[in-house]
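Chemist: Sequence first, then the predicted structure:
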Number of protein chains: 4
Amino acid sequence: MASTQQGVPSAQEGIEPCYDLAHLAHVEMLTPKLEESLRFFVDVMGMIVSDQQGDSVYLRGWDDYEHHTLKLTGSTTSGMAHYAFRTSSQAALERRVAQLERGGVEYEWTEGDLGHGPACRFRDPDGHVVELYYETQWYQATEQTRPSLKNQASRFPGRGANLRRLDHLNLLAQDVKGNRVFMQDMLGCRLTEQIVFNDGSEKGAWLSVNNKSYDLAISEDHSGSRGRFHHVTYAVDSREDVLRAADICLEHGVHIETGPHKHAVQQTFFLYVYEPGGNRFEIANAGARLILAPDWKTIVWNEEERKKGQAWGLQTISSFHTHGTPPIDPSLK
Amino acid sequence: MASTQQGVPSAQEGIEPCYDLAHLAHVEMLTPKLEESLRFFVDVMGMIVSDQQGDSVYLRGWDDYEHHTLKLTGSTTSGMAHYAFRTSSQAALERRVAQLERGGVEYEWTEGDLGHGPACRFRDPDGHVVELYYETQWYQATEQTRPSLKNQASRFPGRGANLRRLDHLNLLAQDVKGNRVFMQDMLGCRLTEQIVFNDGSEKGAWLSVNNKSYDLAISEDHSGSRGRFHHVTYAVDSREDVLRAADICLEHGVHIETGPHKHAVQQTFFLYVYEPGGNRFEIANAGARLILAPDWKTIVWNEEERKKGQAWGLQTISSFHTHGTPPIDPSLK
Amino acid sequence: MASTQQGVPSAQEGIEPCYDLAHLAHVEMLTPKLEESLRFFVDVMGMIVSDQQGDSVYLRGWDDYEHHTLKLTGSTTSGMAHYAFRTSSQAALERRVAQLERGGVEYEWTEGDLGHGPACRFRDPDGHVVELYYETQWYQATEQTRPSLKNQASRFPGRGANLRRLDHLNLLAQDVKGNRVFMQDMLGCRLTEQIVFNDGSEKGAWLSVNNKSYDLAISEDHSGSRGRFHHVTYAVDSREDVLRAADICLEHGVHIETGPHKHAVQQTFFLYVYEPGGNRFEIANAGARLILAPDWKTIVWNEEERKKGQAWGLQTISSFHTHGTPPIDPSLK
Amino acid sequence: MASTQQGVPSAQEGIEPCYDLAHLAHVEMLTPKLEESLRFFVDVMGMIVSDQQGDSVYLRGWDDYEHHTLKLTGSTTSGMAHYAFRTSSQAALERRVAQLERGGVEYEWTEGDLGHGPACRFRDPDGHVVELYYETQWYQATEQTRPSLKNQASRFPGRGANLRRLDHLNLLAQDVKGNRVFMQDMLGCRLTEQIVFNDGSEKGAWLSVNNKSYDLAISEDHSGSRGRFHHVTYAVDSREDVLRAADICLEHGVHIETGPHKHAVQQTFFLYVYEPGGNRFEIANAGARLILAPDWKTIVWNEEERKKGQAWGLQTISSFHTHGTPPIDPSLK
């Protein structure tokens, strides 16, 4: 009855689930329009600025407990500079580094950044930069952000979409399977759902490191580019909050790509927009859905099932399969 | 920066969180009115019957993945016969049993029950019967309960309160601290919030075994009785679902004790009712709130803070401090 | 500053709004699959059967105060047999009949039906049968449907989509403008919104008789047929209720045509499905939106605005412009 | 079958409902703390400032179509300076004035105020100042408040509680019945619900002038004072919005008197707070509830029914029966 999906050191019957990674910790998003992107995240999305340094502004949702979950960095282009997981302990961090060594993965240690300590930095097979760290700085509320209830990281802002917390990240990869197996074998991620076409090719993978049904998704990149970003997602409390976010995006002239609607995969209630820098951004709610089973059996969606579209029949918009950031290198077309 | 709240073998700096328990698995509730209690859980709460045997009916919410999460057993009185955690693996079960041995806790192995395999059975200090098991039977949907989306345990019922899944259990105990420490040291539970009065006495404890902010709560029993039950809680998807449950309870003449309102502790949006057998039952929603931090710092509420009542100022109803099941032994009054 | 949109006897400055019609009262829907349609309305939509007679079943939402708002009639085809408005008084009924006479409209008196008294029956220019009546029978709750709160027509069912009350009706017409002007001049309807293309042709009209923003909508019929039905709509309390209705339709295999999404016109939050007989049916919520201004200025949407799709950008599905009931007479194609 | 509750010129069988009043138009609230009250209404409640003049600031909800619905005036005390109804037409205004003359009510004409034309001003029996007017100025959106959808008065603010529109007013009166009959006979209000105790004394009356289930409520004043104010209410779109308003009030240190909960009378989902000037203020939602029946039968609640408390059992907080503004003249105690 035990799970077969954990991959450390290799997937086999009876292996215990790995809890070395605690959660997705932050994403560094690049934007060619820093001012406008910042206004979007603060005024429209309701995020809170923790700090800034150089060309970067550090942001968080009102219930994110760390110093930041979004690092917004001015750049010549869009896309993602790196993303990070926090480990469950210092020992867990060391176990993962040892596993990277065993796997022959090149890595380096960084001194950390505003808000967190030393990080082990490496690339996934598609080239995205990943960091792992344990030492962190809990967000310290200011007079303006102090909550009334002390079990809350900061005050509910009452501004725009009132994003609560970082939820998950979606990356593009030329080889979905290769990246998926890497995340399982090296980091102990668990594969909760996936799309496998009739020819056996993997088109999408949803990986979890805790009780959330996914923390990282990988979608196929048909462009020939590498290291590209599909979207990052923040959670709100209810489906009504997602609908309200759509109302607010409409008022602010934000480009709505698709939604609100309910995904068949993972059943997330979604809204996809483009932030001013061109990156796709999702506001989502999953209700009370959690993966509590330690031996969850991966849900595999086949080609016919995917053709049915989203849960209530909405056809997936074509740009969802093509738009990623940074834009495709024209020499690859 | 690491947590100090995990208690295996003793609470100390830098210890890693324990993930041996996967989740609260089920509760066996006793009722002197089996027929009426069953009607309440099926018709009013929208639960689904998996099976029955002898004087017991096995029930679950539409998204509970196991055979059952509520075992409703006809009896001469109300209260709770036992409750169970599922462990994260067979090895985790064995580690917990070894820890019970080290702690000098008496236990026995049962052959299991409908829906799950061998269980290690013991009592907590206040006398509640606890079971731990790993082997389980996933719920198999029938033609009537087969969902349209295959990543869902069974069909959304569209009936009554449409309870989604078991959320947590609240037990009464004469010695809150003693029971709390037992759950930490023996089972690896993490203490996320607690109430400690000015004289140092502990009045309530909220313990978690996963990313939910609590799976088990312990409240002080002033009655002189032992082994009593305060309530069990099922989750729905939104606060609106809790309000709707109140509308439905009103229509069915169900006794509403208090709510809907928002707890200050844990911020749960709650509705408390009495099921026909006299047991308190809660329908709740926690929005997107999760404890993702592996080094969560226990939130301690003091006497003055508790006097403020619930989050929006509702004073706690006095029966909340007195009503438990089974009724108090009159010889103890 | 006064309105110019009321048409009795002709649209002019300073004319007072007409309140002779109280509200849309009921729709008689034809279905070739009476049994299945009935199961849809009762089990999936949560409606309540008041009565039946011959091939007709009389249904209502839990907050509809009259005997019925939907008369479901077995037939060889789909479509709408007639619809009815209740007038604000007997005198108001007589004023409307006098106006029909002035307008040269042929009409007849019927003895009424189960649930209401004598009705004046006539056809609109496109051929739909309309009835006006005042005398009615308030719904009398039974033991099973008696509400706990006496200001409510019947018990909240806690079943399926829990439709609350009839909201509005949408009819197809070859000549939108002709039908729209008829409803204004003959019945005192007020035009709250409309679609007018660049060549001056009217493509849609939304008419109200009370503070709801519309009770009747008219959409262009391109088929060459006459007297066809587009859809009828019931209201639920929140957008979350509409989303839940979509979940429930998914579980029951109901064909979802489009939605949930938000209309730009009237801002209704909609879900369109086909009931088993083939008729389009809408579950909708309008939040707290009401037309309180007695001099509301008709909102005119032009061709370019309509191309933008629905409020959040969803393109209108093509079947929305073609599917109506009964099916088109093949000789007209 | 016709209504008996309309009172012009006297209540009798078969009389037609009166639609001369279109809706409650605005309330002038007095506050001894203008700055703080203004911050409350703008920052916490999300209202929009239209204008200011002298000691008054003119405010509205985002969907209020007139220039203002709340006139906030700095004063030495709290309470209400006047309130106003807009009539359905100029002729309707004249009919009501003629009726006041017939009733021997003293009145005067004012030149109007910012945002509306000439008003007929008089006092109700308890001394509250009432105005009636027809000519009005529709709100003209600015660049900052222009909505994306043109059928909306102004942009959804995405700030604080996002109040949508003025909903109703609740006044205190020594003689509930006297005031209630006056509103029916003089202004054509319809009595939708009331509380009548066993001795025949009227304790509360809910009056409507359109399809909303009430626009004006009258509660008994036990204080010996006259002309006092109980509360004014703004509508939001859903119950979830009311809950969110409670979260926001909590964060801003706003005094929550009671709620959120559901009234038995009128079934309004309510939240009562005190604005900084001391006036009670309500945020509410009524779902899709409307009074569409032209012959609605007044719902009469008796003494026993009232003792049951609110819909889900919450006991009415005692301050609800004593707190009104301005504070009671100490000489009356």
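Modeler: It's in. Being a predicted model, the structure only gives us computed values, none of them experimental.

Chemist: mind listing what the closest residue to chain C within the stretch 101-250 of chain A touches?
Modeler: Nearest residue of the stretch 101-250 of chain A to chain C, counting by C-beta to the nearest C-beta: residue A:246, 4.8 Å away. Every residue, glycine included, has its C-beta placed from N, CA and C. Residues near residue A:246 by C-beta atoms under 8 Å, 6 or more residues apart in numbering or on different chains: A:256, A:259-260, A:271, C:262, C:311-312.

Chemist: 6 Å instead, please
Modeler: Counting by C-beta atoms under 6 Å, 6 or more residues apart in numbering or on different chains, residue A:246 makes contact with A:260, A:271, C:312.

Chemist: I'd guessed the first one sits against residue A:268; true?
Modeler: Spelled out, it's residue A:260. No - contact status for residue A:260 versus residue A:268: not in contact, 10.5 Å apart, counting by C-beta atoms under 6 Å.

Chemist: Near the residue nearest to the residue of the stretch 101-250 of chain A closest to chain C when sequence neighbours are not counted, how many other residues are there?
Modeler: Spatially, and ignoring its direct neighbours in sequence, residue A:246 is nearest to residue C:312 (4.8 Å; C-beta to C-beta, 6 or more residues apart in numbering or on different chains). Neighbour count of residue C:312, defined by other C-beta atoms under 10 Å in any protein chain shown: 20.

Chemist: Same question for residue A:98.
Modeler: Residues near residue A:98, counting by other C-beta under 10 Å: 10.

Chemist: likewise residue A:80?
Modeler: When neighbours are counted by other C-beta under 10 Å, residue A:80 comes out with 24.

Chemist: ranges for the helices of chain A?
Modeler: For chain A, applying DSSP state H gives helices covering A:34-39, A:90-102, A:176-187, A:239-251, A:303-307, A:319-322.

Chemist: Residue D:166 is nearest to which of those?
Modeler: Each of the helices of chain A was scored for nearness to residue D:166 using C-beta to C-beta, and the closest is helix A:239-251 (20.5 Å).

Chemist: how much distance is there from that closest one to the middle of the chain?
Modeler: 21 Å (C-alpha atoms, centre = their mean, to the nearest Å).

Chemist: quick one, it and helix B:239-251 angle?
Modeler: Interaxial angle, helix A:239-251 versus helix B:239-251 (axes from the mean of the first three to the mean of the last three C-alpha atoms, to 10 degrees): 130 degrees.

Chemist: give the contact list for the nearest residue in space to residue A:292 that is not next to it in sequence.
Modeler: Excluding its sequence neighbours, the residue lying closest to residue A:292 (C-beta to C-beta, 6+ apart) is residue B:23, at 4.1 Å. For residue B:23, the contact set (C-beta under 6 Å, 6+ apart) comprises A:292, B:86, B:210.

Chemist: who does the second one bridge with?
Modeler: By that I understand residue B:86. Taking DSSP bridges as the rule, residue B:86 bridges to residue B:23, residue B:133.

Chemist: pretty sure it contacts residue B:20?
Modeler: No - using C-beta under 6 Å as the test, residue B:86 is too far from residue B:20 to be in contact (10.5 Å).

Chemist: Those two - which one has more neighbours?
Modeler: Neighbour count, other C-beta under 10 Å: between residue B:86 and residue B:20, residue B:86 has more, with 26 against 23.

Chemist: how much space between that one and residue A:253?
Modeler: 49 Å (C-beta to C-beta, to the nearest Å).

Chemist: before we move on, what about residue A:238?
Modeler: To residue A:253, residue A:238 is 25 Å away according to C-beta to C-beta.

Chemist: Of those two, which one has the most company?
Modeler: residue A:238 (25 against 9).

Chemist: can you pull the pLDDT of that one?
Modeler: For residue A:238, the model assigns a pLDDT of 97.

Chemist: Once you drop chain neighbours, what's closest to it?
Modeler: residue B:238 (4.5 Å).
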